[in-house]
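Enquirer: My questions concern the predicted model and sequence given below.
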Amino acid sequence: MFDVNVKTIKKWITNGPMDTKPLGRHAALEDEIEIQLIRMLIEKSNNSQGLTQKELLNFINENHHKILTRGWVNYFLLRHSDEVKKARSFPQEDQRMLIPREFLKEHLILLYKVFHGRCAELVFNLDELGYSEWQSRSPKNVIVSTSIDPSNVYHSVKRSLTHMSLLVCISLAGDSLTPMLITKHPISEKFFEDGLRQDEDVSLRQRNPPYMSSELFQEFIELTFIPYVQDVRKKLNKKKEPAILMMDSCRAHCSEKVLEILGKNNIIVYTFPSHTSNLFQPCDLSLFGTLKTIQKSMKREINQDKIKDYIMRILKAYESAATSFNIRGSFRKAGLYICTTHKPYTIKYDSFTLKKNPGFQILWNLNIKKEELSARRLNQKFGIINIDYLPKNCPVFINEIRPLNGWKNLPPCGKNTPI
């Protein structure tokens, strides 16, 4: 009936039924070792140190001298699905990202009142990007205990690794100022052997620990930022036109001395609500992500000094990322668009761009109440923070009414919609 050879049928009858095979591939490791691995994975996940698949494979290779594959890990998790599982882990700082809805409303209104119609070439965003050669603050997939809520998985961020800080400043028109790179290593002539120009291509500074200080930030403001603003005003023939500097409210940025210097130079300082720079700051919305992607893809030089190689890769990546198209695209993601139909170029503000950001919608739907915040968070200022130092005739707000377009018909943010 099925056109099967008689010999084949006799063979089937003689051999009998085939033995059922166990689920998946062979274990590759002894049962005792797998039990130890399960205990280790659970212990690490309970201590906010969950391992990724790659980290687990490296651990097995180093401690048990077995070279296994990701496929083995998947079968390992399948066999022990009642004890461990995969989860998405976030840096522990993300637990602080709780913003009251009132702060989000106020920020959106201020953006229109402060930025809409301003001179695009005099609006800037400034921030630092931290570099650690082997440490990432990005979310990652880890293996955790089944007893852990997968929506509440975090990992600690190591700060003891080799670190450098890159201070960058970009304008809404698409320009980039000379960046400042801070390292704990001594600045020697070897960094400039290939033609790198100190304080023109980059301002290399030594500090231990290699993080921004009030003194270094003031130096950048006085020697790099303010001279650049003055040159732009001269080019536009608008010497009295106020400029705007967007930045976060970290202590090194917002010393009274710096706020006074900026105010006396007719520069408005605008800060974001605490812990929202990932939602509203142009640098965070696009440029820094592009920069990190380029830097990670660059090959390491074998014959050069490791520190020099590391610094050069950072600077080359920044030059590749900080194109005028990428910079303007970063501001567009923050809802700030350049209008080039007439000179000087001005800004158009679009609230829709920010409101459709998934991170914004999550915070909006959480509807955090002010009463849930600490006194420190409640008292942290945002918006224009140096108004006391600005010239009396400086037009701080140029739009005193809410925009008619874009405030009533909003993208979905749950049952309720903002403003």
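Expert: Yes, it's here.

Enquirer: residue ranges for the helices of the stretch 301-419 of the chain, please.
Expert: Here the stretch 301-419 of the chain has its helices, by DSSP state H, counting those that start in this stretch, at 306-321, 324-333, 351-355, 358-366, 375-379.

Enquirer: Now do stretch 330-340: distance to the chain's middle.
Expert: On the basis of CA atoms, centre = their mean, to the nearest Å, stretch 330-340 sits 19 Å off its chain's mean C-alpha point.

Enquirer: Pull the number of nearby residues for the closest residue in space to residue 205 that isn't next to it in sequence.
Expert: Leaving aside its sequence neighbours, residue 205 sits nearest to residue 182 (CB to CB, 6 or more residues apart in numbering; 5.1 Å). Heads up, the C-betas are built off the backbone N, CA and C, glycines and all. Neighbour count for residue 182, taken as other CB atoms under 10 Å: 24.

Enquirer: Make sure residue 182 is indeed in a strand.
Expert: Yes. Assignment of residue 182 by DSSP: H, G, I helix; E, B strand; the rest coil places it within a strand.

Enquirer: Could you report the pLDDT at residue 417?
Expert: pLDDT, residue 417: 37.

Enquirer: cool, residue 78 as well?
Expert: The score at residue 78 is 91. That number is its pLDDT.

Enquirer: got it, and the one 10 residues further on?
Expert: Turning to residue 88, the model gives it a pLDDT of 76.

Enquirer: how about it, secondary structure?
Expert: At residue 88 the chain is in strand, as set by three-state DSSP.

Enquirer: which ones are touching it?
Expert: With contact set as CB atoms under 8 Å, 6 or more residues apart in numbering, residue 88 has these partners: 139-142, 150, 153.

Enquirer: Out of those residues, which end up buried?
Expert: Burial by neighbour count, 16 or more other CB atoms under 10 Å: within the contacts of residue 88 this picks out 140, 142, 153.

Enquirer: And the closest residue to residue 177 other than its chain neighbours, how far from residue 331?
Expert: Counting by CB to CB, 6+ apart, residue 177 lies nearest to residue 169, which is 4.3 Å off, once chain neighbours are set aside. Separation of residue 169 from residue 331 (CB to CB, to the nearest Å): 13 Å.

Enquirer: Tell me where this protein has strands.
Expert: Counting by DSSP state E, the chain has strands at residues 84-91, 123-132, 140-145, 154-155, 163-171, 180-183, 203-206, 243-247, 267-271, 336-339, 346-349, 383-384.

Enquirer: between the ones you listed, which gets the lowest average pLDDT?
Expert: strand 154-155 - the lowest mean pLDDT of these, at a mean of 68.

Enquirer: What residues of stretch 263-274 count as buried?
Expert: Counting neighbours by 16+ other CB under 10 Å, one finds that the buried residues in stretch 263-274 are 263, 265-274.

Enquirer: Likewise for stretch 339-358?
Expert: Within stretch 339-358, the residues scored as buried using 16+ other CB under 10 Å are 344-347, 349-351, 353-355, 357.

Enquirer: and the end-to-end length of that stretch?
Expert: Start and end residues of stretch 339-358 are separated by 26 Å (CA to CA, to the nearest Å).

Enquirer: Show me the shaky parts of the stretch 51-200 of the chain.
Expert: Scanning the stretch 51-200 of the chain for pLDDT under 70 picks out the ranges 90-97, 132-139, 151-152, 155-162.

Enquirer: mind redoing it with 80?
Expert: Applying pLDDT under 80 to the stretch 51-200 of the chain flags residues 88-98, 131-141, 143-144, 149-162.

Enquirer: repeat for the stretch 251-400 of the chain
Expert: 295-305, 372-380, 398-400.

Enquirer: rewinding a little: let's have the buried residues of stretch 339-358 in CSV, adding distance to residue 289.
Expert: Shown next, in CSV, are the buried residues of stretch 339-358 (distance: CB to CB, whole Å):
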residue, distance to residue 289
344, 30
345, 26
346, 27
347, 23
349, 23
350, 21
351, 23
353, 17
354, 17
355, 21
357, 14
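
Enquirer: and of the residues you listed, the nearest to residue 82?
Expert: Using CB to CB, residue 357 comes nearest to residue 82 of the buried residues of stretch 339-358, at 38.1 Å.

Enquirer: And the nearest residue to that closest one once chain neighbours are set aside, how close does it get to residue 336?
Expert: Spatially, and ignoring its direct neighbours in sequence, residue 357 is nearest to residue 279 (6.0 Å; CB to CB, 6+ apart). Residue 279 is 14 Å from residue 336, where distance means CB to CB.
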